[in-house]
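K.L.:
just the structure for this:
(6 chains, ligands or ions: 6)
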Amino acid sequence: MDAFELLRLNLSSPMVLGFALGIVAALLKSDLRLPDAVHSALGTYLLLAIGLKGGAELAKVSPAEIALPALATLAAGICVPIACYAALRRFGRFSIVDAAAVAAHYGSVSIVTFTAASVFVEARGLASEGYLAALAAFLEVPGILVAIALARSARAGSSWSSSLHEVLTGKSNLLLLGGVVIGYLAGAHGVESVAPLFVAPFRGVLTLFLIDMGFLAASRLRDLRAVGPFLLGFALVAPLVNGFLGAALGSAAGLSPGGATVFATMLARASYIAAPVAVRLALPEANPALYLTSSLGLTFPFNLAVGIPLYHEFVCWIQA
Amino acid sequence: MDAFELLRLNLSSPMVLGFALGIVAALLKSDLRLPDAVHSALGTYLLLAIGLKGGAELAKVSPAEIALPALATLAAGICVPIACYAALRRFGRFSIVDAAAVAAHYGSVSIVTFTAASVFVEARGLASEGYLAALAAFLEVPGILVAIALARSARAGSSWSSSLHEVLTGKSNLLLLGGVVIGYLAGAHGVESVAPLFVAPFRGVLTLFLIDMGFLAASRLRDLRAVGPFLLGFALVAPLVNGFLGAALGSAAGLSPGGATVFATMLARASYIAAPVAVRLALPEANPALYLTSSLGLTFPFNLAVGIPLYHEFVCWIQA
Amino acid sequence: MDAFELLRLNLSSPMVLGFALGIVAALLKSDLRLPDAVHSALGTYLLLAIGLKGGAELAKVSPAEIALPALATLAAGICVPIACYAALRRFGRFSIVDAAAVAAHYGSVSIVTFTAASVFVEARGLASEGYLAALAAFLEVPGILVAIALARSARAGSSWSSSLHEVLTGKSNLLLLGGVVIGYLAGAHGVESVAPLFVAPFRGVLTLFLIDMGFLAASRLRDLRAVGPFLLGFALVAPLVNGFLGAALGSAAGLSPGGATVFATMLARASYIAAPVAVRLALPEANPALYLTSSLGLTFPFNLAVGIPLYHEFVCWIQA
Amino acid sequence: MSSSAGSRPEEALVTVELERVTIVAEAVLEARLLALLKAAGARGWTLGEVRGEGSRGVRAGEWQGNVKLETLVAPAVAERILRELAREYFPRFAVVAYTDRVRVVRGEKYV
Amino acid sequence: MSSSAGSRPEEALVTVELERVTIVAEAVLEARLLALLKAAGARGWTLGEVRGEGSRGVRAGEWQGNVKLETLVAPAVAERILRELAREYFPRFAVVAYTDRVRVVRGEKYV
Amino acid sequence: MSSSAGSRPEEALVTVELERVTIVAEAVLEARLLALLKAAGARGWTLGEVRGEGSRGVRAGEWQGNVKLETLVAPAVAERILRELAREYFPRFAVVAYTDRVRVVRGEKYV
Ligand SMILES: Nc1ncnc2c1ncn2[C@@H]1O[C@H](COP(=O)(O)O)[C@@H](O)[C@H]1O
Ligand SMILES: Nc1ncnc2c1ncn2[C@@H]1O[C@H](COP(=O)(O)O)[C@@H](O)[C@H]1O
Ligand SMILES: Nc1ncnc2c1ncn2[C@@H]1O[C@H](COP(=O)(O)O)[C@@H](O)[C@H]1O
Ligand code: NA
Ligand code: NA
Ligand code: NA
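P.N.:
Ligands and ions are numbered 1, 2, ... in the order given. Alright, predicted model coming up:
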């Protein structure tokens, strides 16, 4: 299957079309949005579902099997935000807090992008290592902390320990991690008993959620001018670089083609749920227009529409 | 199967019983209502689900196949509100705005009534043309516009173009149409991937939604006195006339017995989601007690309980 | 299967683990809670689903078959709150209103505990009499009324008839009863048509709901000091006594091992949805810290984690 | 205050000073409080769902949350509402009530 | 009012008196009312979803509910908003509007 | 103001004038603002979820929305709250704060 066919298939999936519907609605100024309470509940569902699945898979593998992928995740979790910060400071001439804030978003996990990659891989008939969801849960934390540490080391940020507490006990982190633990302890049999809610309708819920995300992403484009050409470029190049790195790292860690694609997307993503809240509180001087527009308005749609199939191509090329 | 058996089966379906539960709760002054956010989310679900299904079916048929039914839909979409307006003006001596407001409701689509007809037909083991849902999406628009044009031509209403924008970009229209486009582009295969959310639980969600609608319908009966005997009669006779017309028109357009029943119901309905909002803004001088009580309080329950099986009888009689 | 294995299986079910996740989140002061609207909608779902199933099963059995279990339910519904009241007054030296308020909670049904018992029994591969859900619906009412009557007889409470109306038309009662009636009238065939929503995802929804309940239960533990040692003991001993009684009574009424376990749990529970609202309005002088902490903070988790497997042991021992 | 608020911009806008009574109370009381308002002579009300904390601890959530009720009334009606509240609800329920003065457009219709 | 609100505690806190205009209206009007506020010169607004009852009966629910809109403005802007409301919306929609005075911290930025 | 609000209708209703401090701020600040209120001496608060627009653009939605916080306090406490807000939050967050006076039934318990 060539790259264009992959892209075509991706673009005609209900998920991506749903995202496009959300964008169209926002451009038409139509209020298609789900109520906040429902948006939040669907987010809860997705986090728990992905965690449950990851946890049940984690219970199946030996520590030896995941040692390398786990190490790769940790390394990426620390290096990606530092590299982003350096690029934004040196080449983009961003202020310390703005660079750290954007870096936190590109260093933290986007569970929806992750999920979209899993669904993409699955729809192509490829297997992927199920425990990756469990690793994603651990990737959530370091990215944000590293970025805040960078800002603080330059005396700009706020208290470390309160940020650590906020990230660790943040809703999205706790749901993902909680899901992993429940899935691990309940095992495949236990997860099966809740599969009619947490597994079968999963893609449908993701589609519904993406309609809403499309609306939010498009609303962010208002601020595009505030973002400037450098950050615009960064928002499209960073995922490519990170995705290529992820494809290589994941392959080196022994992941299957499907798994390496998911892993690559895991690194190529930009967070827009956990990171914005943590950054808003820890680095309030940072400009939200910069980090939200780049992560939610640019990188997220890019990954969803074009990035994921591309990272899969990277993996095929590397593993060939 | 004779008419009484059909009626009995219809009245003992979970959907209709759920609607009755909502009515009972309202009469007992019990607050059974779903929270607004959930009501709105279920509505979103129903519109998307019906659109997705319609779109996937639309992708299967040739333009030639749907040319006649589409033409019939368009004709009905324009004629029904004009006829209703004329009847209300001439025989009911309604004011221009009130006649136009009520006509808009009887000319616009009620997606829940439509859906109930599909489920009824399916439960009787009959096939129905799946693309009808796509046609329903196009029926949403003309009814409201025609009615507003009638009011405006008599200098009573508000701006045309803003009404057009409101109806076209209204949430319910965009969801239905968006669903059709996604279903069309994603095709049967794509829709299947989200079927565990959008197809399997559909009847259950409709049942839940109808409990809430029953409550709303019963709450409307408070205003029954304001409605007066003419409108009361109109609310029960109009669906019969429109349903008979729809049965004939649908049969003439070559629809199957199941499809013609759904088509008949499509014309016999009164809107209570899109129309009220559009009419409130475009014709604010119209009395909501009149149009809401007749459409939501009378015609909707009538169709649900008695109308749909009756229209099926019409179709059987015509196609026999 | 010995008692410890049963307990282990119960504690590693997704439901109980979900409940634990909610407790952990509350202790970490993390805001994991579902939005109110969603909590309320899931409650609606659970009540309707359990009612529908109970109603469909009720339609299958002869009046003779359920006469004894129904009688046992009624007797327990009247005696349990009286016994609790007496114990709290005499041994605990509670005031009249506080004793009545607590008694109302231990006399009214907790549909989530009931459901957890059904799921536990099912997961152990045992059948249970499906119509028990219908009986549970009738148990909701007497407990609260008896307790209010006790308080009133001592001139402390408020009007009888308004309490009766509030309990009968309360949301949770109407949904449960309404579900039973719909299930009964629609029959097994009708309920099957909505099973993909109301049956298959049931355990998953319960898990989601229990995460939220865990959070609420843990939040109640703040008030533990206000509760005092007597009530703390009561909250753990009362379910044991009532559960043993239920195991004996259910077995005497001819229920299967699975059914008797569910029946025992039905009596061992403490309400925390319907009762608190009714009691707050009818006995406002009663201290909510007492009845909420004991029922929601202590008895509910106890039943969920330890009680249900224990009652099953009781039943095995009695029926052996 | 005798002329009606006109469409001619040069006319002064007619407003009436009324008491705004605000009641924050536990949500389970909603129906009873609305009945109390009506009995005291209020012609309308506006209600929002809120959370809060006071002497009885934190109150949040569907049936443990609060409602915030506002009603625009004549001073005598305000007095009646507050007196009734103080007598019936203050001793036993979580309730806070206060009043201030606002200038209401077309205020005649609320008195 | 010439000194800025300082971090030194002994300085007086600078506040500005502004009109708070409160509008309770049917939810379908939201977009139009916000446009009206902007046109009249308001620099900001705050909106909550509420239920209510008045001369047009009970109003609750997604598209039948009300919104409560508050805006802090200079007296002249308040006058413009209320006049516009009275002309365009009072005759045909469920709307209530009133004003009172509040002391706003750093109020200069809203005028 | 020395007599208690009695059940005998002829007695005057006892009310106390207090400051009502209203804070509209981004929702992520909720926990911190509540801590600030407590530290400043407030005995209670009421919070509603709202949307809004100001100098920092539109704010709506779960984590991008606003909260509206109201607290009834003595004038000195109000001053402390506003001063603290102005120092800690005004420069870096979307916050609006203002006060007005209300007459509170049984107001003694809030001071
Ligand atoms: N000082 C206060 N300022 C604002 N709201 C308050 C205050 N005290 C109490 N409330 C509100 O009134 C409710 C009941 O108060 P209480 O009866 O003192 O628990 C609380 O849950 C708050 O919503
Ligand atoms: N006297 C009142 N006090 C408080 N709110 C009111 C009052 N009258 C009307 N309202 C609010 O304004 C809305 C519209 O009022 P109306 O146009 O009189 O139906 C109502 O739904 C209430 O939310
Ligand atoms: N003039 C105003 N009137 C009412 N609310 C306002 C006003 N300005 C700002 N707000 C509220 O305060 C929030 C923060 O304002 P800002 O910091 O100016 O963006 C806004 O989102 C609004 O909810
Ligand atoms: Na995220
Ligand atoms: Na409609
Ligand atoms: Na209960």
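K.L.:
who's in contact with A:S163?
P.N.:
Listed by Cβ atoms under 8 Å, 6 or more residues apart in numbering or on different chains, the contact partners of A:S163 are A:144-145, A:148, A:157, A:278, A:281-282. The C-beta positions use only the backbone N, C-alpha and C, and glycine is treated the same way.
K.L.:
which single one of those is nearest to F:G44?
P.N.:
A:L281 (24.8 Å; Cβ to Cβ).
K.L.:
element containing that closest one?
P.N.:
helix A:274-282 (DSSP states H and E).
K.L.:
give me the nearest residue to the spatially most central residue of chain A, chain neighbours excluded.
P.N.:
When Cα atoms, centre = their mean is applied to chain A, the residue found nearest the centroid is A:S110 (1.9 Å). Nearest residue to A:S110, sequence neighbours excluded (Cβ to Cβ, 6 or more residues apart in numbering or on different chains): A:R269, at 3.8 Å.
K.L.:
for burial, what's the neighbour tally of that neighbour?
P.N.:
33 (other Cβ atoms under 10 Å in any protein chain shown).
K.L.:
give me phi/psi at D:L69?
P.N.:
The phi and psi torsions at D:L69 (degrees, to the nearest 10) take the values phi -110, psi 130.
K.L.:
circling back to that earlier point, the helix holding A:L281 near ligand 3 at all?
P.N.:
No: using Cβ under 6 Å from any ligand atom, helix A:274-282 stays clear of ligand 3, coming no nearer than 13.2 Å.
K.L.:
let me see the mean pLDDT of that helix.
P.N.:
Per-residue pLDDT values across helix A:274-282 average out to 84.
K.L.:
now the strands for the chain?
P.N.:
You didn't pick a chain, so chain A it is. Using DSSP state E, chain A contains no strands.
K.L.:
wait, chain D was what I had in mind.
P.N.:
With strands called from DSSP E, chain D shows them at D:15-26, D:45-54, D:57-59, D:66-73, D:95-105.
K.L.:
so what touches the helix holding A:L281?
P.N.:
Identification of contacts with helix A:274-282 by Cβ under 8 Å, 6+ apart yields A:101, A:104-105, A:108-109, A:140, A:143-144, A:147-148, A:151, A:157-158, A:162-163, A:166-167, A:170, A:172-173, A:286, A:288, A:291-292, A:295, F:26, F:28-29, F:32, F:63.
K.L.:
filter those to the buried ones?
P.N.:
A:101, A:104-105, A:108-109, A:140, A:143-144, A:147-148, A:151, A:157, A:163, A:166-167, A:170, A:172-173, A:286, A:288, A:291-292, A:295, F:26, F:28-29 (16 or more other Cβ atoms under 10 Å in any protein chain shown).
K.L.:
okay, and which of these map to helices?
P.N.:
Mapping the buried ones among the contacts of helix A:274-282 onto helices (DSSP state H) picks out A:101, A:104-105, A:140, A:143-144, A:147-148, A:151, A:163, A:166-167, A:172-173, A:288, A:291-292.
K.L.:
wait, A:G258 touches A:L126, no?
P.N.:
Yes: using Cβ atoms under 8 Å, A:G258 is in contact with A:L126, at 3.5 Å.
K.L.:
by proximity to ligand 4, which residue of chain D wins?
P.N.:
For chain D and ligand 4, the shortest gap (Cβ to the ion) falls at D:A60, measuring 25.6 Å.
K.L.:
what is the neighbour count of that residue?
P.N.:
So D:A60, with other Cβ under 10 Å, has 15 neighbours.
K.L.:
show me what contacts it?
P.N.:
Contact partners of D:A60, counting by Cβ under 8 Å, 6+ apart, are D:51-52.
K.L.:
next one: A:A103
P.N.:
Residues counted as contacts of A:A103 (Cβ under 8 Å, 6+ apart) are A:81-82, A:84-85, A:88, A:146-147, A:150.
K.L.:
swap in D:V21?
P.N.:
D:V21 sits in contact with D:42, D:70-71, D:73, D:78, D:81-82, D:97-99, where contact means Cβ under 8 Å, 6+ apart.
K.L.:
check the gap between the closest residue to chain D within the stretch 51-200 of chain A and ligand 4 for me.
P.N.:
Going by Cβ to the nearest Cβ, chain D is nearest to A:K171 of the stretch 51-200 of chain A, at 15.8 Å. Distance, A:K171 to ligand 4, using Cβ to the ion, to the nearest Å: 11 Å.
K.L.:
quick one: that residue and C:L32 touch, right?
P.N.:
Yes: taking contacts as Cβ under 8 Å, A:K171 lies within contact range of C:L32: 5.6 Å.
K.L.:
that older thread, including distance to ligand 4, could the contacts of D:V21 go into TSV?
P.N.:
Listed next are those as TSV, based on distance: Cβ to the ion, whole Å:
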residue	distance to ligand 4
D:A42	47
D:E70	39
D:T71	44
D:V73	49
D:A78	50
D:I81	48
D:L82	49
D:A97	43
D:Y98	42
D:T99	46
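K.L.:
what helices or strands is the helix or strand bottoming out on mean pLDDT in chain D leaning on?
P.N.:
Lowest by mean pLDDT, DSSP states H and E among the helices and strands of chain D is strand D:57-59, with a mean of 85. If you count contacts as 3 or more Cβ pairs under 8 Å, 6 or more residues apart in numbering or on different chains; DSSP states H and E, strand D:57-59 packs onto strand D:45-54.
K.L.:
tilt between the strand it packs on and strand E:15-26?
P.N.:
With axes from the mean of the first three to the mean of the last three Cα atoms, to 10 degrees as the basis, strand D:45-54 and strand E:15-26 are set at 130 degrees to each other.
K.L.:
wondering if strand D:45-54 reaches chain A at all.
P.N.:
No: if you take Cβ under 8 Å from any Cβ of the partner chain as the test, strand D:45-54 misses chain A, and the best it gets is 11.7 Å.
K.L.:
any part of that strand near chain B?
P.N.:
No: Strand D:45-54 stays clear of chain B (Cβ under 8 Å from any Cβ), getting no nearer than 10.0 Å.
K.L.:
now the lowest-mean-pLDDT helix or strand in chain A - C-alpha only, CSV.
P.N.:
Within chain A, no helix or strand scores below helix A:160-168, which has a mean of 72 by mean pLDDT, DSSP H and E. Taking Å, rounded to 0.1, in the frame of the first residue of the first chain, the C-alpha atoms of helix A:160-168 are listed here in CSV:
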residue,chain,number,x,y,z
TRP,A,160,8.4,22.8,41.7
SER,A,161,6.6,20.6,44.3
SER,A,162,3.2,22.2,43.7
SER,A,163,3.6,21.5,40.0
LEU,A,164,4.6,18.0,40.6
HIS,A,165,1.5,17.5,42.7
GLU,A,166,-0.7,19.1,40.1
VAL,A,167,0.6,17.0,37.3
LEU,A,168,0.6,13.7,39.2
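K.L.:
that one close to ligand 4?
P.N.:
No: using Cβ under 5 Å from the ion, helix A:160-168 stays clear of ligand 4, with a minimum separation of 11.0 Å.
K.L.:
gap between that helix and the chain center?
P.N.:
Its chain's C-alpha centre and that of helix A:160-168 lie 20 Å apart, by Cα atoms, centre = their mean, to the nearest Å.
K.L.:
now do it against helix A:274-282, angle only.
P.N.:
Going by the same axes, to 10 degrees, helix A:160-168 makes 150 degrees with helix A:274-282.
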